[in-house]
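Novice: Provide a 3D model corresponding to the input given below.
(one chain, ligands or ions: 1)
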Amino acid sequence: MDSDPSSIPAAHAGSPDETAALYDQFVGRNYASPALTLTHGEGSYVWDSQKRRYLDFSTGIAVNALGHAHPHWVRRVSEQAAKLTHVSNLYRNEPQGRLAAALAGHAGPGRVIFCNSGAEANESLLKLARLHGLRKSGTEGACIGVVVAEKAFHGRTFGGMSATPQEKIQKGFRPLLSGFTAAPLNDLAAWDRAMDAKTTAAVLVETIQGEGGVNPATPEFLIGLEKLCRERNILFMIDEIQCGIGRTGKFYAFEYAGVHPDAIAMAKGLGGGFPMGAIWMSAPHAELFQAGSHGTTFGGGALAATAALAVLEVIEQEKLLARVTAQTPAWHQALRQLVTLRPDLVQEIRGMGYMTGVILKVDSVPVVAALREAGLLAVPAGGIAVRLLPPLTASVKELDESVAILRQVLAGWKVA
Ligand SMILES: *Cc1c(COP(=O)(O)O)cnc(C)c1O
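Specialist: Alright, predicted model coming up:
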């Protein structure tokens, strides 16, 4: 390869076709061809290379918790970038310590391990489950079972795929890790049957399934699951990667059920746009990881930890949990009128807070494309859900605007 940087083709702002051409030729084909080139954002809005503006309720898939370019986040990240970006975990950095304390402050006595993505956070949980199974059985490999939910999504690594019982995710990559069993979400009797006191090390469940179609776990189910885990010495592990960090109006979504997991995975919204993941482990289980058990070069770096601290600071300063909680009922009420408007097309509104699905009776992919053309970015999920993931900073006016665009697009929608 020619390493002369001048030979790298430059994509110039305002030449969208050139970016599309570079993607066509050089970017891996594992994503369906993206429809837009986005160039900049501010608050709840984002602009494309044709200077069109969109209300961004896709938020980089629940990542941009503060919207785009939040001034406090930008200032904190810029200042830290100029001060100290990365030192590895061979040394301490101040932001990591403060962030671990803050995340544990929301979860309870315990410890936090950092990483760089959701899938990696779940890998850490799965390693914790193996260590717990070893402690429980005394024999490596004897207690490795993990029960997961049907339609779950836990990531694209080998561990993540193994925990994701979906043909479209697993196809082509088998054999995967063994020991995983899937049971229907909210069917406690089925989980009871699947959870073996001897061979099951852990359960792993999303409080609200995101990719699976915005399917909330009921409080009764989570409470029952916690009880079964306690009775059988099975780790109760919750994947809050998409629904956590304030998205539902609680810092962790499972707080709605009043349960106390043994371990929590988080990522997406945590860094407010900076790649960042973490797990929290309750105090006794946290000691399963000792020096040498697990590690990461980048995880918890000074810049990433500062980005996450900036998210937590803004959640606090702008009282975003209270705001999401206060603004959700009227938004959901307005969204429910879409069912009245088009009962032939819209089934129901599902979800909690700013993780909401407009559940259709038809394929949601073309509807999401039409919404984009009308100026609203949403994310399809589970085949029939239009997933709305506003930034936690969204105003009432912006929530209303999302409903207006949905009304306009759905009112004229022709069911094939
Ligand atoms: C997105 C997601 C993941 C995977 O996160 P990546 O950062 O894409 O690896 C895992 N679990 C849930 C619930 C998710 O929404």
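
Novice: Thought Met237 was touching Arg201, still the case?
Specialist: Not Arg; residue 201 is Ala. No: using C-beta atoms under 8 Å, Ala201 is not in contact with Met237, being 9.6 Å away. Just so you know, the C-beta spots here come from the backbone N, C-alpha and C atoms, and that holds for glycine as well.

Novice: between those two, what contacts are shared?
Specialist: Counting by C-beta atoms under 8 Å, 6 or more residues apart in numbering, the residues touching both Ala201 and Met237 are Ala129.

Novice: At the contact with the ligand, which residues of the chain appear?
Specialist: 117-119, 122, 153-155, 206, 210-211, 239, 241-242, 267-268 (C-beta under 6 Å from any ligand atom).

Novice: tell me the two of those residues that are most distant?
Specialist: The two members of the residues of the chain next to the ligand with the most space between them (C-beta to C-beta) are Ser117 and Glu206, at 15.8 Å.

Novice: the more surrounded of those two?
Specialist: Neighbour totals were compared for Ser117 and Glu206, and Glu206 leads with 28 against 20 (other C-beta atoms under 10 Å).

Novice: Please name the residues that touch Leu303.
Specialist: Val77, Gln80, Ala81, Leu84, Thr85, His86, Phe274 are the contacts of Leu303 under C-beta under 8 Å, 6+ apart.

Novice: If we only consider those residues, which is nearest to Ala378?
Specialist: Out of the contacts of Leu303, the member with the shortest distance to Ala378 (by C-beta to C-beta) is Phe274, at 23.2 Å.

Novice: Okay, and the nearest residue to the closest one once chain neighbours are set aside sits in which element?
Specialist: The spatially closest residue to Phe274, leaving aside those adjacent along the chain, is Ala307, at 3.6 Å (C-beta to C-beta, 6 or more residues apart in numbering). Assigned by DSSP states H and E, Ala307 belongs to helix 302-317.

Novice: and Leu338, how many neighbours does it have?
Specialist: Neighbours of Leu338 (other C-beta under 10 Å): 22.

Novice: Just confirm it contacts Glu348, I think it does.
Specialist: No: judged on C-beta under 8 Å, Leu338 makes no contact with Glu348 at a distance of 9.7 Å.

Novice: Just list the residues touching Thr248, thanks.
Specialist: Thr207, Ile208, Tyr256, Val324, Met352, Gly353, Tyr354, Met355.

Novice: okay, those residues in JSON lines with distance to Thr393, neighbour count and secondary structure next?
Specialist: Shown next, in JSON lines, are the contacts of Thr248 (distance: C-beta to C-beta, whole Å; neighbours: other C-beta atoms under 10 Å; DSSP: H, G, I helix; E, B strand; the rest coil):
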{"residue": "Thr207", "distance to Thr393": "22", "neighbour count": "29", "secondary structure": "coil"}
{"residue": "Ile208", "distance to Thr393": "20", "neighbour count": "27", "secondary structure": "strand"}
{"residue": "Tyr256", "distance to Thr393": "21", "neighbour count": "20", "secondary structure": "helix"}
{"residue": "Val324", "distance to Thr393": "10", "neighbour count": "24", "secondary structure": "helix"}
{"residue": "Met352", "distance to Thr393": "18", "neighbour count": "21", "secondary structure": "strand"}
{"residue": "Gly353", "distance to Thr393": "13", "neighbour count": "23", "secondary structure": "coil"}
{"residue": "Tyr354", "distance to Thr393": "10", "neighbour count": "29", "secondary structure": "coil"}
{"residue": "Met355", "distance to Thr393": "15", "neighbour count": "25", "secondary structure": "strand"}
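
Novice: and the two most separated of those residues?
Specialist: The widest separation within the contacts of Thr248 (C-beta to C-beta) is 15.0 Å, between Thr207 and Val324.

Novice: Give me the neighbour count for the residue in the stretch 201-350 of the chain that the ligand sits nearest to.
Specialist: Proximity of the stretch 201-350 of the chain to the ligand (C-beta to the nearest ligand atom) peaks at Gln242, 3.3 Å away. By the measure other C-beta under 10 Å, the count of residues near Gln242 is 28.

Novice: shouldn't it be in contact with Thr207?
Specialist: No: applying C-beta under 8 Å, one finds Gln242 not in contact with Thr207, separated by 9.1 Å.
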